[in-house]
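Student: Model the following, please.
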Amino acid sequence: LHPPHPNPFNPRTTLSFELQQAGSVRVEILDAAGRRVARLLDRRLGAGSHELQWNGTDDSGRPAASGVYFCRVREGGNTATVRVVMLK
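Tutor: Model (predicted):
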């Protein structure tokens with residue numbers, strides 16, 4: 001998992017990561033309390049580089065508040081987390 005860019009962001013940030021091998025991947029945005037705000041991806045991906053964007057909205061499409069969030073990428077037994085800050 002690479003650092004998001006831009007960070008801080010408004011209105012969107014790009015998240016990128018690499019997989020050594022194909023596998024099922026879940027990418028989620030969590031608030032500072034660890035609650036899921038948005039699920040960005042939940043499917044099988046091939047090995048290599050991947051990139052996606054978070055537009056600062058929750059699972060219902062509502063704008064998230066300004067603050068600190070965490071992007072968590074899970075693949076198999078591996079988990080990586082990076083901090084991202086949204087400023088409005």
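
Student: which residue packs closest to Gly76, ignoring adjacent ones?
Tutor: Spatial nearest neighbour of Gly76, excluding adjacent residues (CB to CB, 6 or more residues apart in numbering): Gly23 at 5.2 Å. Yep, even glycine has a C-beta here, placed from its N, CA and C like the rest.

Student: Which strand residues bridge the residue nearest to the spatial centre of the chain?
Tutor: Nearest to the mean C-alpha position of the chain, by CA atoms, centre = their mean, lies Cys71 at 3.7 Å. Assessed by DSSP bridges, Cys71 has beta-bridge partners Ile29, Val82.

Student: Are there helices or strands packed against the helix or strand encompassing Phe17, and which ones?
Tutor: Using DSSP states H and E, Phe17 sits within strand 13-19. Judged by 3 or more CB pairs under 8 Å, 6 or more residues apart in numbering; DSSP states H and E, the packing partners of strand 13-19 are strand 23-31, strand 48-54, strand 67-75, strand 78-86.

Student: Which one of these lies nearest to Ser16?
Tutor: Comparison of the helices and strands packed on strand 13-19 against Ser16 by CB to CB identifies strand 48-54 as nearest, at 4.3 Å.

Student: rewinding a little: thought the residue nearest to Gly76 was touching Arg43?
Tutor: No: applying CB atoms under 8 Å, one finds Gly23 not in contact with Arg43, separated by 10.3 Å.
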